[in-house]
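Asks: the sequence and its predicted three-dimensional model are supplied below.
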Amino acid sequence: MLLPSSMGKRLFALVSLIVLFTTAGCISGSSEEHRPSLYPTGPQPRSEAPLTFGILYPIAHPFYEMITQMTEEAAAPLEIELIVKAPDEFNIEQQIRMMEQMIKQEVDGIAVSPVDGDALAPVIDRAVLAGIPVICFETDSPDSSRSTYIGSNHDEAGILVGEVLDGLLKGRGMVLVESGFPKLPAQQQRLDGMLQYINTKTDIQVLDVRFNNGSEDQALADMEIMIDGHPHFDAFVSLDLWSPASSILVWKAKGLNRDVIAFGMQSDIKEAIHNGQITSVISQNEQRWATEIISSLVSAAHKKPLPDHIDTGTAVLTRDTVDAFPDVTRLQKRQRR
């Protein structure tokens, strides 16, 4: 039977649509997994915003500028932003205010070298309660909620100073000592460790111990007084950041040929060792602080566990070994480019 022409046209159109949709469905089903999608389905990984870390020193000093340069180099490949602060002098109130400001800025982590670990502990705890992990370096705040401490054991470092002195003087001689702050725990521990070794293991006599309270001018004056009072001394020991530079000036001015042991690597000490103005330096392996600070803060920011103490140890650097320490001048030139 023949259908009317209008009905035939409608039937043909319907069949054509069915065939078209069926074919499209077959094509889609057979090639979808091989065809890249412009609009991916399902949850996609979100690119993480760069982290911002606060670095807080106990005082503004070229030694910490060196640490900052190395830390910036360690942070650069990770696109981490650093906010660096330091009081103009050893002042716990200033350090507390600076740390509170970092908490208000909602940084992703804070690395601090406490002026006073006990006094800073409540502020460290407040930062942690606010979700900001805190690590200590160089000096510790063990009774706080900090995640880890990066640095040396200062008692053991002081003992190492005594051992180096013992080796240079063959167990006997007369020594002058300069330190920074008499009540700063780390510096007091170094002094105690050195004196303990000298008094129990050697016949070395400590003629004088003076404290410059963070002043290079005072360190210079102290050295003049000690040398004038004890001109036959055999060695000078510097246990702080300020007296090495002063000893270099005095040795140049007086043409002295006496052993000098410094504590803590600084940018001008390498040249002084090569020039014979400083015999050796007890390094806290400060070059490790930078990488440990950044990696520890990254781990803490991602809530990964950290050991209670990351011991960077100590090293004795002499004319033969001092060049193993990073060239800070090279880092400065790289930053200026």
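Replies: Thanks, I have it.
Asks: mind listing residues that contact the helix or strand Ile282 falls within?
Replies: Element membership of Ile282 [criterion: DSSP states H and E] is strand 280-283. Residues outside strand 280-283 that contact it (Cβ atoms under 8 Å, 6 or more residues apart in numbering): 157, 160-161, 164, 168, 244, 261-265, 269, 273, 314-318, 322, 325. C-beta here means a position set from N, CA and C on the backbone, and glycine is covered the same way.
Asks: any of those buried? List them.
Replies: 157, 160-161, 164, 168, 244, 261-265, 269, 273, 314-317, 322, 325 (16 or more other Cβ atoms under 10 Å).
Asks: which members of the residues you listed are positioned in strands?
Replies: Mapping the buried ones among the contacts of strand 280-283 onto strands (DSSP state E) picks out 261-263, 315-317.
Asks: turn those into JSON lines, columns for pLDDT.
Replies: Output for those, formatted as JSON lines (pLDDT from 0 to 100):
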{"residue": "Ile261", "pLDDT": "97"}
{"residue": "Ala262", "pLDDT": "96"}
{"residue": "Phe263", "pLDDT": "94"}
{"residue": "Ala315", "pLDDT": "94"}
{"residue": "Val316", "pLDDT": "96"}
{"residue": "Leu317", "pLDDT": "95"}
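Asks: what is the nearest of those residues to Ala221?
Replies: Taking Cβ to Cβ as the measure, Ala262 is the one of those closest to Ala221, at 18.5 Å.
Asks: thought that closest one was touching Ile269?
Replies: Yes. The criterion here is Cβ atoms under 8 Å, and Ala262 meets it with Ile269 at 6.0 Å.
Asks: now for those two: what residues contact both?
Replies: By Cβ under 8 Å, 6+ apart, the residues touching both Ala262 and Ile269 are 244, 278, 281.
Asks: contacts only, for the first one.
Replies: Read it as Pro244. 238, 260, 262, 264, 266, 268-269, 272, 278, 281.
Asks: okay, who's weakest in those by pLDDT?
Replies: Lowest pLDDT of the contacts of Pro244: Asp268, 84.
Asks: list the contacts of it.
Replies: Asp268 sits in contact with 62, 244-245, 248, where contact means Cβ under 8 Å, 6+ apart.
Asks: ditto for Leu195
Replies: 158, 162, 206.
Asks: pretty sure the last one sits in a helix.
Replies: It stands for Val206. No. Counting by DSSP: H, G, I helix; E, B strand; the rest coil, one finds Val206 to be strand, located in no helix.
Asks: how close does it get to Gln196?
Replies: 12 Å (Cβ to Cβ, to the nearest Å).
Asks: again, but for the second one
Replies: For Gly162, the distance to Gln196 equals 7 Å [Cβ to Cβ].
Asks: how about Leu306?
Replies: From Leu306 to Gln196 the distance is 31 Å (Cβ to Cβ).
Asks: neighbour-wise, which of the two wins?
Replies: Leu306 (18 against 14; other Cβ atoms under 10 Å).
Asks: how much space between the more buried one and Gln187?
Replies: 26 Å.
Asks: same question, Gln101
Replies: The gap separating Gln101 from Gln187 is 27 Å, by Cβ to Cβ.
Asks: quick one, which of these two is more surrounded?
Replies: The neighbour comparison of Gln101 against Gln187 (other Cβ under 10 Å) goes to Gln187, with 21 against 14.
Asks: Leu241 is in contact with the more buried one, correct?
Replies: No. Contact status for Gln187 versus Leu241: not in contact, 9.4 Å apart, counting by Cβ under 8 Å.
Asks: which neighbours do the two share?
Replies: Gly180.
Asks: need phi/psi at Thr312.
Replies: Main-chain torsions, Thr312, degrees, to the nearest 10: phi -80, psi -10.
Asks: can you pull the contacts of Ile83?
Replies: By Cβ under 8 Å, 6+ apart, the neighbours of Ile83 are 52-55, 102, 105, 107.
Asks: and the helices in the stretch 201-337 of the chain?
Replies: Counting by DSSP state H, counting those that start in this stretch, one finds helices in the stretch 201-337 of the chain at the ranges 216-229, 243-254, 269-274, 286-301, 328-336.
Asks: mind putting the ones you listed in JSON lines, distance to Ala111 included?
Replies: Formatted as JSON lines, those follow (distance: least, Cβ to Cβ, whole Å):
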{"stretch": "helix 216-229", "distance to Ala111": "26"}
{"stretch": "helix 243-254", "distance to Ala111": "25"}
{"stretch": "helix 269-274", "distance to Ala111": "24"}
{"stretch": "helix 286-301", "distance to Ala111": "5"}
{"stretch": "helix 328-336", "distance to Ala111": "18"}
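Asks: residue contacts, Asp208?
Replies: 176-177, 226, 229-230.
Asks: quick one, what contacts Arg288?
Replies: Counting by Cβ under 8 Å, 6+ apart, the residues that Arg288 touches are Thr312.
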